[in-house]
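pasting the sequence and the predicted coordinates here, then a few questions.
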Amino acid sequence: MSDDAVVRKILLDSGDTWAVVGLSNNTARAAYGVARVLQRAGKRVVPVHPKAETVLGETGYASLADIPFDVDVVDVFVNSSLAGAVADEAVAKGAKAVWFQLDVIDHDAYARTTAAGLDMVMDRCPAIELPRL
């Protein structure tokens, strides 16, 4: 499946509960702006950050494992060196897809995640891709 086909599948068909790893109340951070775009597109945004703060009206959790309900997509806003572990947590959580944001690249994590049967996009932004659909 081409990247564009995977992007379309994740945004339109993978479900509406998105865990956004790295999302905090810092409005200057890209994660905050992208989370707002996802909410406007009808997605439920679940903040995942060590502070576990409520963001954009949604309860935050310190880790993916702490979320007491199913998550469809895990959107990753952490440094590439930390992203692979998040992808592994997404697989363990039972997510359908993993999305690595712009400049978040880990080819080994991509191989592990897709081998586990999840859809994955790397180095793209849903806030850029949504209007293109």
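That came through fine. Numbering: from 1, shown residues only.

which residues are contacting the longest helix seen in the chain?
Among the segments of the chain that qualify as a helix by DSSP state H, the longest is helix 80-93. Helix 80-93 has contacts (C-beta atoms under 8 Å, 6 or more residues apart in numbering) with 19, 21, 63-65, 67, 71, 74, 76, 78, 98, 100, 103-106, 108-110, 112-113, 116, 118, 120. Placement of C-beta: from N, CA and C, glycine included.

buried among those residues? Need that as a selection in ChimeraX.
Of these, the buried ones can be selected in ChimeraX as follows, counting by 16 or more other C-beta atoms under 10 Å:
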select :19,21,64,67,71,74,76,78,98,100,104,106,109,110,112,113,118,120
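
what about the contacts of helix 80-93, which are in strands?
Among the contacts of helix 80-93, the members falling in strands (DSSP state E) are Ala19, Val21, Val74, Val76, Val98, Phe100, Met120.

the fifth one and Leu23, how far apart?
For Val98, the distance to Leu23 under the criterion C-beta to C-beta, to the nearest Å works out to 15 Å.

same question, the fourth one
Separation of Val76 from Leu23 (C-beta to C-beta) stands at 10 Å.

between those two, what contacts are shared?
By the contact definition C-beta under 8 Å, 6+ apart, Val76 and Leu23 are jointly contacted by no residue.

any low-confidence regions in the chain?
The chain contains residues with pLDDT under 70 at 1-2.

and the helices in it?
Listed from the start of the chain, the chain has helices (DSSP H) covering 3-13, 30-40, 80-93, 107-115, 126-132.

and the second one, what's buried?
Judged by neighbour count using 16+ other C-beta under 10 Å, the buried positions of helix 30-40 are Ala30, Ala31, Tyr32, Val34, Ala35, Val37, Leu38.
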